[in-house]
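Novice: predicted model, plus sequence, below.
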Amino acid sequence: MKRKINDSIRKLDKTCLPNWYEIPLAGAILSEGSEDYETGSWRTRRPVWNKEECTSCLICWLFCPEMAIKVTGGKMAGINASLCKGCGVCANECPREGAMTMVEGGEYRDCKV
Amino acid sequence: MRKKIGLTGDGAAAEAMRQIDPEVVAVYPITPQTEIVERFAEFVAEGLVQTELINVESEHSALSACCGSSMAGVRTMTCTSAQGLALMHEMLYIAAGNRLPIVMVNVNRTLSAPINIHNDQSDSLGSRDAGWIQLYCENPQEVYDTVIQAVRIAEDHQVMLPVMVCLDGFIVSHNMEPVELLDDGEVKEFIGEFKPRLNLLDTERPITAGNLTLPEYFFEHKYAQVYALEQSKEKIEEVGREFGDRFGRRYGLVEGYKLDDAEIAVITLGSMAGTARVAVDALRGEGIKAGLLKMRCYRPFPVQELAGALKNIRAAAVMEKAVSPGAPGPAVFSDIIAALYRQSVRINLISYVAGLGGRDVPVKSIHRVYEHLQKVAASGEPDRILNYLDLRGWE
Amino acid sequence: MAEMLEIRWHARGGQGAVLASRYLAASAIRENLYFQSFPQFGTERMGAPIVAYTRLSDAPIYLYCAIEEPDMVVVLDPTLLKVVKVTAGLKPGGAVVANYPGAPAELAQELGLKGEYRVYSVDAYKISTEEIGRPIPNTPMVGALARVMGRIKLENILAEFSEQFGHRFSSEVVTKNLNAVRRAYEEVQSL
């Protein structure tokens, strides 16, 4: 039986799992970042960014495993709440006292990172 | 300019690799594949190829490095034999599952123990379920032609699977014969430029590869791979046909010899097909309707082609150089039974395991197989299905 | 040559029999002959008796098995005559060509032959020592064999040597080897 292979989908639709002939070649993930996986929902602690203390050295951006650090024009621009999984690596690596602090509570639905 | 020179099977593989000029070759030498590595390393040293030759510390590392470079979007080749292929076993599945179009030359040698460096096909036949395309060669010319075709087959965007080109150790690998080499430019043009479908280093289109795939996806991924392997039959035939049209030597999935009106036939792979051809000629001289079916392509298994070629045969013997201890029959025999059953072809089929560990398979021994087939054809029923050729103490 | 010619080589590991058999076979391309050249599939050790094979034919060759009944045997080392039965399986009327310091009659006597085979001798050690400076019997024996079988012209044997080894050896070494091949071709004696 011949099947038309359309394996170029870039977005996963979790409400309807794809058929075998719709899956990207070799199980590669073609979408960028972790948006498909709602990594923000894993969060039980969250980073709080203090804009006043931040020097935009972007070390947090470099270390963040989920690309949750938003950057605009080469400057730190906040945290993407739907991606941040609350691992705390940003706060741990931040060289500046009080620029990034972890606090209890994921508050995913409220998106108050 | 095309030229005809004397080359061993290993030498022919190395020449093909020189003309293909892959970006990466990661390899570990092992008898009887060593001559390929030696010759190719000379080509690298002399600047005849641009290849990055990676000398690794084991075959597991060789194929691991190949997986990495292939995933990074460059044409990648390797070669091995026996224990080397066994050590690659884990990576064979990873290469196929990641749909990496790596071309590997495997010089067939038996698997230890007892330790033995000589030919049989237990190494590659034992890797039959790894998801690779497997093509078997009869002589050095076929090795040269097949390595070139393998690149085209593997890299086709509908295929994207690794290809193993198999040749019998020593019998073909160390046997020098006249080989017609194509012009370097002809080879380059035939294989074309490698256009990867996935490229880990393409920063414009970033991907994540080699992912953890959980139960809700794994089955579908695996089936996509199964489907691609089954469909690759068409590509193998197409490339073999085009090679024939351009260069005069045509290749297919199976090759029949005096099979059209044959009543008895031997089915085999690799160099034994050559020797069996000589037996067929002698039998035809005596008026016996003997034929031969050479399986060039073992994976994907040419189910329809094989069953079609055998449907009018009264008795056939599968001669193969491997055993499957404890199995209902050896690998190729069992596969052919399944293929015939699927196609509703019912013929008398017997199995002959032959040539293990480099045991010579002379014409006179193949004649005994055909004598057995004549008896089976006459009685209409096999007296014994599983047989071992030239095994001392086997009566 | 409608018939296939099958040759078996006897030598000791390290004497270059495999190289010589390949060189002879490659020369056959110049005569538009088909050929096979392969070592007996054993583990090679320096000094141990080894066997190699050559098939020549004007039709394609499909045999992928050892030669059990050769038309000719070539012996690269005279001491092998006492160790190996070099005439085993040799077809009636077949030829023995040996590197041997004595006359063909002495060789026949040493092998216990009574006229069933054609016997040829050539002192390849003497020739190679004088021409090349070392007792290496493989290249002169190719010359002797070419003379005995008469299927490949001497000029093609010499041309193939120059082409195959011209870039590997100095022109002096090539010339010395060519002289050794030519001398063996001329000096090989029949019974």
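Specialist: Perfect, I can see it now. Numbers count the residues shown, from 1 in each chain, chains lettered A, B, ... in the order given.
Novice: what does chain A put close to chain B?
Specialist: Counting by Cβ under 8 Å from any Cβ of the partner chain, the positions of chain A adjacent to chain B are A:3, A:5, A:7, A:17-21, A:23, A:25-30, A:32. C-beta coordinates here come from the backbone N, C-alpha and C atoms, glycine included.
Novice: and those, which of them are buried?
Specialist: Neighbour-count burial (16 or more other Cβ atoms under 10 Å in any protein chain shown) applied to the residues of chain A next to chain B gives A:5, A:7, A:20, A:23, A:25-30.
Novice: need the residues of the stretch 101-250 of chain B near chain A, please.
Specialist: Contact residues (Cβ under 8 Å from any Cβ) of the stretch 101-250 of chain B with chain A: B:158, B:160, B:197-198, B:205-209, B:211, B:213, B:216-217, B:219-221, B:223-224, B:227.
Novice: try it again at 10 Å.
Specialist: Proximity of the stretch 101-250 of chain B to chain A, by Cβ under 10 Å from any Cβ of the partner chain, involves residues B:157-158, B:160, B:197-198, B:200, B:205-213, B:216-228, B:230-231, B:234.
Novice: domains for chain A, by residue range?
Specialist: As assigned by automatic domain parsing, chain A contains the domains A:1-31, A:33-104.
Novice: helices and strands around the longest helix anywhere in chain C, which ones?
Specialist: In chain C, assigned by DSSP state H, the helix with the most residues is helix C:171-187. On a contact count with 3 or more Cβ pairs under 10 Å, 6 or more residues apart in numbering or on different chains; DSSP states H and E, helix C:171-187 meets strand C:118-122, helix C:124-131, helix C:138-149, helix C:154-165.
Novice: dump the shortest one to CSV, keeping only the CA atoms.
Specialist: In CSV, the C-alpha atoms belonging to strand C:118-122 read as follows (Å, rounded to 0.1, in the frame of the first residue of the first chain):
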residue,chain,number,x,y,z
ARG,C,118,56.3,-31.3,-18.0
VAL,C,119,59.1,-30.1,-15.8
TYR,C,120,60.9,-26.8,-15.9
SER,C,121,63.6,-25.3,-13.7
VAL,C,122,65.2,-21.9,-13.4
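Novice: residues in contact with B:Leu182?
Specialist: By Cβ atoms under 10 Å, 6 or more residues apart in numbering or on different chains, B:Leu182 lies in contact with B:1-3, B:15-16, B:19, B:144-145, B:148, B:188-190, B:243, B:246-247.
Novice: can you tell me which of these is nearest B:Glu90?
Specialist: B:Ala16 (27.1 Å; Cβ to Cβ).
Novice: ok, and the closest non-adjacent residue to that closest one?
Specialist: Of all residues not flanking B:Ala16 in the chain, B:Val147 sits nearest, at 3.8 Å (Cβ to Cβ, 6 or more residues apart in numbering or on different chains).
Novice: the one you found - how many residues pack around it?
Specialist: As a burial measure, B:Val147 scores 29 neighbours (other Cβ atoms under 10 Å in any protein chain shown).
Novice: so it is in contact with B:Gly11, correct?
Specialist: No: if you go by Cβ atoms under 10 Å, B:Val147 and B:Gly11 don't touch, sitting 11.8 Å apart.
Novice: residues shared between the contacts of these two?
Specialist: B:Ile36.
Novice: and the next helix or strand past the lengthiest helix in chain B?
Specialist: Scanning chain B for the helix with the most residues, using DSSP H, yields helix B:215-247. Per DSSP states H and E, the first helix or strand lying C-terminal to helix B:215-247 is strand B:254-257.
Novice: how far does that next one sit from the chain's center?
Specialist: Its chain's C-alpha centre and that of strand B:254-257 lie 15 Å apart, by Cα atoms, centre = their mean, to the nearest Å.
Novice: same question for stretch B:156-165.
Specialist: Mean C-alpha position of stretch B:156-165 versus that of the full chain (Cα atoms, centre = their mean) differs by 13 Å.
Novice: first-to-last residue distance for that stretch?
Specialist: 17 Å (Cα to Cα, to the nearest Å).
Novice: which SSE is C:Ala105 in?
Specialist: Per DSSP H and E, C:Ala105 falls inside helix C:104-110.
Novice: if you count neighbours, what's buried in the longest helix of chain C?
Specialist: Quick answer for helix C:171-187 (16+ other Cβ under 10 Å): C:174, C:176-185, C:187.
Novice: likewise stretch B:106-126?
Specialist: B:106-111, B:116-126.
Novice: quick one: mean pLDDT for it?
Specialist: Average pLDDT, stretch B:106-126: 97.
Novice: coming back round to it: need the max-distance pair from the buried ones among the residues of chain A next to chain B.
Specialist: Most distant of those, by Cβ to Cβ, are A:Ile5 and A:Ile29, 17.8 Å apart.
Novice: so where's chain A shaky on pLDDT?
Specialist: When residues are selected by pLDDT under 70, those of chain A lie in A:1, A:8-14, A:108-113.
Novice: how about the helices in the stretch 151-300 of chain B?
Specialist: In the stretch 151-300 of chain B, the segments counted as helices under DSSP state H, counting those that start in this stretch are B:184-191, B:215-247, B:272-285.
Novice: tell me which of these sits most buried.
Specialist: helix B:272-285 (a mean of 21; mean count of other Cβ atoms under 10 Å in any protein chain shown).
Novice: just the CA trace of that helix, in CSV.
Specialist: Provided in CSV are the C-alpha atoms of helix B:272-285 (Å, rounded to 0.1, in the frame of the first residue of the first chain):
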residue,chain,number,x,y,z
MET,B,272,28.5,-18.8,-4.2
ALA,B,273,26.3,-17.5,-7.0
GLY,B,274,29.3,-17.4,-9.3
THR,B,275,30.3,-21.0,-8.6
ALA,B,276,26.7,-22.2,-8.9
ARG,B,277,26.5,-20.6,-12.3
VAL,B,278,29.3,-23.0,-13.5
ALA,B,279,27.4,-25.9,-12.1
VAL,B,280,24.2,-24.8,-13.9
ASP,B,281,26.1,-24.6,-17.2
ALA,B,282,27.4,-28.2,-16.7
LEU,B,283,24.0,-29.5,-15.8
ARG,B,284,22.4,-27.8,-18.8
GLY,B,285,25.0,-29.5,-21.0
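Novice: check the offset of that helix from the chain's centre.
Specialist: Using Cα atoms, centre = their mean, the offset of helix B:272-285 from its chain centre is 22 Å.
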